[in-house]
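>>> mind folding the following:
(one chain, ligands or ions: 1)
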Amino acid sequence: MKRFVVGIDVGGTNVKLGLVNSSGRIISRTYFPTKSYIRSRNKLIDAIAQAVLRLLRAARVPQSSVLGIGLGLPGLIDPQRGFVNFLPNIPGWKNVPLKKMLEKKLRLPVFIDNDAKIVALAEWKFGSGRGFDHLVCLTLGTGVGSGLILDGRLYRGADNTAGELGHLPLNEKGAACNCGGVACLERTIGNRYLVQRSRKIFGKGLEPQAVGKLAKRGDARALRFWKETAEHLGNALAGVVNLLNPQCIVVGGGVANNFRFMRKTLIEVLRRRALRVPARRVKVVRARLVKDAGILGARVLVEQSLGRSS
Ligand SMILES: [Zn+2]
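Next up, the predicted model:
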């Protein structure tokens, strides 16, 4: 019986692979650094195929027991055609027919999608978003993204770009963002801009993790830093809540490790700034799956793409 899925999370730092069984458990895993292959697209694709075969061999799972392979990638993906349109942080990836290339190498069905969308699928089926039909799943990190589950299905938009919350303008004027716009949310709470702001407060640039450590010890400046971050995010989310009326917002990504310092302010800002009915409805929770979301969501992607319910 075909019951396994190989989930692959292609990140700017590592490529993580996991073999997921039918109850959504990762029974075997491996990873390799993306950096070693960052200069050559074809070598990276080869390395992914080799890692899949190694993973199956190590778990003694024959290829005939595998339903398919799901990949999440950090960029603009066309899941219907199986093309990677563009990866902003990995050079050389433009209009790559990745699905076809991997299917030829592995002789298994391959499905691809944007990583934030795959994380949303994972949190919806296996994590904090379980049981909701209207869900916004945020990924806060170097980039700020989201995946939208609306009416019980993943919403992709006309060109698969739906959910690009990081490029929601917070103001009419402001600092230029690398998307070409100005005053985007990501320009305020993307990782590197948080580090910039920390420089003003602490006199040196601190990674969000370090500011989190200070906040844990009760450092007033660190606590204020997270409160301000939550205010910026909350303003953007007030718009999202008014637009989509979600039941739940799941906050994930590296920066979300500091969710406990932001939660109260986020909820306060939403209550104050969003419309009363959707503001009272929405729950704001932390993502549960964290590092495994990319792998587990790939299982959901494969099942849905093959027309099986999960
Ligand atoms: Zn932008």
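
>>> ok, the residue most central in space within the chain - contacts?
Note on the chain: the residue nearest the mean C-alpha position is residue 116, at 2.9 Å, using C-alpha atoms, centre = their mean. Residues in contact with residue 116 (C-beta atoms under 8 Å, 6 or more residues apart in numbering) are 137, 139, 145, 146, 147, 163. (Glycine included, C-beta is placed from N, CA and C.)

>>> can you give me the helices in this protein?
41-58, 98-106, 115-126, 186-189, 191-202, 208-216, 220-244, 259-273, 276-281, 293-305 (DSSP state H).

>>> deepest of these, which one?
helix 115-126 (a mean of 28; mean count of other C-beta atoms under 10 Å).

>>> tilt between it and helix 293-305?
80 degrees (axes from the mean of the first three to the mean of the last three C-alpha atoms, to 10 degrees).

>>> residues in the protein within reach of the ion, list them.
With the criterion set to C-beta under 5 Å from the ion, the chain comes near the ion through 167, 177, 179, 181, 184.

>>> quick check: the last one vs residue 65, distance?
Residue 184 sits at a distance of 45 Å from residue 65 (criterion: C-beta to C-beta, to the nearest Å).

>>> by neighbours, which of the residues of the chain next to the ion wins?
Per-residue neighbour counts (other C-beta atoms under 10 Å) across those peak at residue 184, which has 27 neighbours.

>>> pretty sure that one is touching residue 165, no?
No - between residue 184 and residue 165 there is no contact under C-beta atoms under 8 Å: 9.5 Å.

>>> pLDDT weak spots in this structure?
Scanning the chain with the threshold set as pLDDT under 70 gives 309-310.

>>> how's it carved up into domains?
4-118+292-305, 130-288 (automatic domain parsing).

>>> so what would you say the end-to-end distance of the last one is?
Here the two ends of domain 130-288 are set 10 Å apart, with distance taken as C-alpha to C-alpha, to the nearest Å.

>>> likewise stretch 277-294?
End-to-end distance of stretch 277-294 (C-alpha to C-alpha): 33 Å.

>>> tell me the backbone dihedrals of residue 82, please.
phi 70, psi 30 (degrees, to the nearest 10).

>>> contacts only, for residue 144.
Contacts of residue 144 (C-beta under 8 Å, 6+ apart): 138, 165, 166, 185, 186, 189, 190, 253.
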